[in-house]
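>>> Here is my input, please return the structure:
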Amino acid sequence: MPRVALATSAKYPDLTDDDRLLLRPLADCGLNTIPAIWTDPNFVWSSCDAVVIRSCWDYHLKSEEFLRWIASLEKEGVAVLNSPALIRWNTDKAYLRNLETRGVTIVPTVWPEPGLSMGLRDHLQKLDWQKAVVKPRISATAQRTQLVTKDDARSTQNLFDELRHGVGVMLQKFVDRIAEEGEWSLIFFAGEFSHAVLKIPSVGDFRVQNDFGGSSRIAEPPPCAMQSATGILRLLDPTVYARVDGVLEDDQFLLMELELIEPALFLDCHPEAPLRFANAIAQSISARR
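Take a look at the predicted model:
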């Protein structure tokens with residue numbers, strides 16, 4: 001029976017509630033599945049046939065260590081889902097710039113580099129953006145992400161500069177419809193659409209994550225979102241799981257983020273989602289044997 005590790009973080013040693021929904025379907029697929037903390041020095045990863053990256057939600061805090069760990073699994077011949085190549089590509093949000101050059105419509109974004117001396121307020125004036133979101137290029141769960149306006153740009157300048165000279169920074173135009181109507185997440189398993197949720201920020205906030213009071217509900221995505229999301233995945237190597245996040249503006253789906261490493265997949269929102277994910281994992285492992 002193939003042995004599969006669901007990689008998690010020390011904060012969730014027994015997996016998240018959502019990921020625990022995978023255990024029975026994986027067993028039904030004939031897989032011996034265990035949770036494993038990715039930073040555990042005593043866990044023997046070579047004893048596993050595959051490692052599925054799940055709630056490693058601290059990876060962005062030690063991204064170099066995380067990527068070394070992924071490389072070590074690859075060297076030992078342990079299958080990693082999603083693939084190491086996709087994980088490396090997806091770690092830095094500059095992948096959005098890559099996708100834009102390939103015809104994907106993203107939320108308007110600029111990529112200030114360390115050598116540029118232009119201030120944050122100057123950037124907003126030049127772009128004629130009233131509001132924008134400052135984000136690290138390597139982050140998770142909206143960590144060190146801040147909404148900024150022309151009027152309060154100076155108070156965010158230190159964060160902007162620190163990120164620019166550190167992990168890198170991106171400046172994304174704030175789309176008002178996120179606050180008004182929410183952000184879409186479309187979930188795919190083995191490249192096939194499974195379900196979608198609409199994530200709503202709490203009143204007065206812009207972040208849709210539960211950590212900040214956001215809520216989510218299952219919803220039927222509009223055709224333009226489905227068309228865009230499926231087209232994006234066709235540009236990539238095969239994925240076992242993927243979450244495509246975006247917002248609608250003028251009847252167009254704008255990609256905000258493409259989550260291929262450790263996204264919440266809202267398995268509890270659709271009764272068939274856990275089995276769909278388990279089947280995708282089992283099929284990927286079977287194809288490698």
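>>> Show me how far the longest helix along the chain is from its chain's centre.
The residue-count maximum for a helix in the chain (DSSP state H) belongs to helix 273-288. Relative to its parent chain, helix 273-288 has a centroid offset of 20 Å by Cα atoms, centre = their mean, to the nearest Å.
>>> before we move on, what about stretch 97-114?
16 Å.
>>> ok so, going back, what's the mean pLDDT across the longest helix of the chain?
Per-residue pLDDT over helix 273-288 has a mean of 96.
>>> Buried residues, the helix or strand Leu254 falls within. List them.
Element membership for Leu254, per DSSP states H and E: strand 252-259. Neighbour counts over strand 252-259 (16 or more other Cβ atoms under 10 Å) mark 253-259 as buried. For every residue, glycine as well, the C-beta is placed using N, CA and C.
>>> Buried residues in the longest helix of the chain, which are they?
In helix 273-288, the ones that count as buried by 16+ other Cβ under 10 Å are 273-282, 284-285.
>>> repeat for stretch 37-50
Neighbour-count burial for stretch 37-50 [16+ other Cβ under 10 Å]: 37-39, 45, 48-50.
>>> want to try JSON lines for those residues, with secondary structure as columns?
As requested, those are exported to JSON lines (DSSP: H, G, I helix; E, B strand; the rest coil):
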{"residue": "Ile37", "secondary structure": "strand"}
{"residue": "Trp38", "secondary structure": "coil"}
{"residue": "Thr39", "secondary structure": "coil"}
{"residue": "Trp45", "secondary structure": "helix"}
{"residue": "Cys48", "secondary structure": "coil"}
{"residue": "Asp49", "secondary structure": "coil"}
{"residue": "Ala50", "secondary structure": "strand"}
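>>> Show me which of the residues you listed is closest to Arg137.
Trp38 (21.0 Å; Cβ to Cβ).
>>> Would you mind confirming that the closest one is in contact with Tyr12?
No: Trp38 is not in contact with Tyr12 according to Cβ atoms under 8 Å; the separation is 10.8 Å.
>>> which non-adjacent residue is nearest the most centrally placed residue in the chain?
Taking Cα atoms, centre = their mean, the centroid of the chain lies closest to Glu259, which sits 2.7 Å from it. Closest residue to Glu259 apart from its sequence neighbours, by Cβ to Cβ, 6 or more residues apart in numbering: Arg243 at 4.0 Å.
>>> secondary structure element for the one you found?
Using DSSP H and E, the element containing Arg243 is strand 241-249.
>>> counting contacts, what elements does that strand pack onto?
In terms of contacts (3 or more Cβ pairs under 8 Å, 6 or more residues apart in numbering; DSSP states H and E), strand 241-249 is packed against helix 177-181, strand 183-189, helix 223-234, strand 252-259.
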